[in-house]
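Undergrad: can't give you the sequence, but here's the structure:
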């Protein structure tokens, strides 16, 4: 008699991020639209991209599609760890050229985006391993941990620590760190990351470093990769993605770095890398070959230039939004090295009250901070990944909120 | 102190299919090539496609790529359960039109191929659920079960039962069935499948039905979907794929059907479907949007016609190969409703001995049957998904094996 997965069934109802977004947030938006059919909605809730793929990427996709239609150039299964040229380009054009980090192509595993990779990576570790997660956090880290039944420890992030958590006070085995952070937009300094790496090496914990917003870093001396930190290759896995800087949200290409030097108890160098390859072969046969060709193009010199143009556009959006919010007396974090702005609710307002009032008076839709964890209570996340005209419209409408507040 | 996943680390060495293929099979091929540099190799080991995408599919990929490059038509994240038009097309153009089975789009979940879906689907069920797998079997069913730490029960498939197993004699919770079968090429009759469905309903087990080779069925009255069987919607999940019939191996699009009527202990209708949606949102954000547009095109009337042409080509390959093998006195199974031929080794030869002799004398490379499970010992799997000229060349070279044997 088959029985259901209890961890999974406990995540239903209003307990997961997407359920809350699609039911509660969307439900409120629909009710608002029904009540105010003339009012424009400014959707700044989702971290979804809105700008087209770069011309170079489109050209590569078209070329790849045509090659698949030609008997002379057709290819079937891609290498299970990803297109070799893409792994090479990530090492050469991203890590070496942009960040001065040396990695080998065998240390790169192409994924179908950071979402899957960051959660599935837990499969490398024993089920009783304790997982530390920033709070607030990108919800999948928490939900993936609960789904696997692993013990979860929160690392509070708040204004007092500039949204960079203290080292864990209890024993932990895995530590998720995300910088630039989703949802707070915070970044961590070299010294702060060094402290985490030193800690991880000391206790043989593994850091899972989510670096998907690294291309948004404008502040000098902020590390773009955990591997800029001494000793990180021995204790850290890094998750990267083409989603936000190359507008690949729908194309699904990301990567995961498992350095050969990474070791934990009872493992030898290279072993975790090898185990991840085995896991790929059993549970994942790679992401679309056409999309991988697009990713190679995005990493070409002209591709990177085009994509950086879009990143700058999103960052300008964020700047306009920050100014608009500040002008009505709201305190904002993030939005400088990140497309996310973490807005502090007016005193005595909860996240949901702030969400309601902002929607009611301006048509702007964010995500209540409490959805990202208890420590997000009293905040709202706004995404600047929208179209410029919507950002500008939202800023104009903010005046109505000021009047009411 | 992080510790490794013991189930995963027990699957290293020569214990997984891809490791055996890439090390042992490939190692022997390389050694043979070094010793016989003039001899042509006929690679018939992998189930990889070799024919180009259909013109309609290529056109759709190009169109989709261009739309992503246009600010007016760009889209970001796809629906997490898949493009609605694709789910609709699978219901209307595949299940209703080809098989006379009625399903709702909400019962379809688009995946990145059958590989991931067929293994990950175990996440719906409790870790102590016992899993029955055909032996020989597609290796991921076994490896995915071992990786999850679930108890495994073998269902022997051999000539005496026409490679269709008997009902389990011990209590099981999940039953993998694959028809047309990989590796044996066997199909199951309506009556045989009805017995499994009745059994599953009786003991509240769930059948995971792998139907990825259904488009290869030529024999009349052989079911193409488990849902052709009465009561199957209450006890079966079906896995489909575009890989083999539309040559999508590299594009990564498949699907999984979780009928709303499917229930197990302590669940209500629709609950498992809902849980799988939750699991998608946590661990998987869908496969490439461009590839999904290609899949929609493959299901259009002209797309299906073009793709069926390629299926027929592969089936003609299989026919030629079967004839060639029979001509030298070898007994073959499969290859009629399947691109796979299951060749019986000459008496007293093991799978690996047969593999070696065939390679040595003809340059033909198969997969030793024992790699698919103990009951595959004494057989060899050959794939007819190759190019016609290679199939013809292989058939000509078979004469050399005859002489030697």
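TA: Cool, the structure landed. Note that the coordinates shown come from a computational prediction; the quantities given were computed from them, not determined experimentally.

Undergrad: CA atoms for contacts and neighbours, from now on please.
TA: Fine.

Undergrad: So residue A:306 sits against residue A:54, correct?
TA: Yes: proximity of residue A:306 to residue A:54 meets the contact threshold set by C-alpha atoms under 8 Å, at 6.0 Å.

Undergrad: Tell me which residue of the stretch 301-405 of chain A lies closest to chain B.
TA: At 9.6 Å from chain B, residue A:387 is the closest residue in the stretch 301-405 of chain A, using C-alpha to the nearest C-alpha.

Undergrad: Tell me the confidence at the nearest residue to that residue once chain neighbours are set aside?
TA: Spatial nearest neighbour of residue A:387, chain neighbours left out: residue A:50 (6.3 Å); criterion: C-alpha to C-alpha, 6 or more residues apart in numbering or on different chains. pLDDT, residue A:50: 97.

Undergrad: how about the strands of the stretch 201-350 of chain A, start to end?
TA: A:206-210, A:236-241, A:254-257, A:332-334, A:340-344 (DSSP state E, counting those that start in this stretch).

Undergrad: Repeat that for the stretch 51-200 of chain A.
TA: A:108-111, A:131-135, A:152-156, A:174-178.

Undergrad: hey, which of those is tucked in deepest?
TA: strand A:108-111 (a mean of 26; mean count of other C-alpha atoms under 10 Å in any protein chain shown).

Undergrad: What parts of the stretch 51-200 of chain A come near chain B?
TA: A:51-55, A:58, A:61-62, A:65-66, A:68-71, A:74-78, A:112-113, A:115-116, A:119-120, A:123-127, A:129, A:140, A:143-144, A:171-174 (C-alpha under 8 Å from any C-alpha of the partner chain).

Undergrad: now, which of those residues lie within helices?
TA: Among these, the members found in helices (DSSP state H) are A:55, A:58, A:61-62, A:65-66, A:68, A:115-116, A:119-120, A:140, A:143-144.

Undergrad: Which pair of those residues spans the longest distance?
TA: Based on C-alpha to C-alpha, the longest span within those runs between A:66 and A:143 and measures 39.9 Å.

Undergrad: about what we covered before: with mean neighbour count, mean pLDDT and distance to residue B:249 added, can I get the strands of the stretch 201-350 of chain A in JSON lines?
TA: Compiled in JSON lines, the strands of the stretch 201-350 of chain A are given as follows (neighbours: other C-alpha atoms under 10 Å in any protein chain shown; pLDDT from 0 to 100; distance: least, C-alpha to C-alpha, whole Å):
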{"stretch": "strand A:206-210", "mean neighbour count": "26", "mean pLDDT": "98", "distance to residue B:249": "29"}
{"stretch": "strand A:236-241", "mean neighbour count": "26", "mean pLDDT": "98", "distance to residue B:249": "23"}
{"stretch": "strand A:254-257", "mean neighbour count": "24", "mean pLDDT": "98", "distance to residue B:249": "19"}
{"stretch": "strand A:332-334", "mean neighbour count": "22", "mean pLDDT": "98", "distance to residue B:249": "42"}
{"stretch": "strand A:340-344", "mean neighbour count": "26", "mean pLDDT": "98", "distance to residue B:249": "37"}
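
Undergrad: Dump those to JSON lines, plus distance to residue B:270.
TA: Formatted as JSON lines, these follow (distance: least, C-alpha to C-alpha, whole Å):
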{"stretch": "strand A:206-210", "distance to residue B:270": "35"}
{"stretch": "strand A:236-241", "distance to residue B:270": "34"}
{"stretch": "strand A:254-257", "distance to residue B:270": "32"}
{"stretch": "strand A:332-334", "distance to residue B:270": "41"}
{"stretch": "strand A:340-344", "distance to residue B:270": "36"}
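
Undergrad: Fine, thanks again, bye for now.
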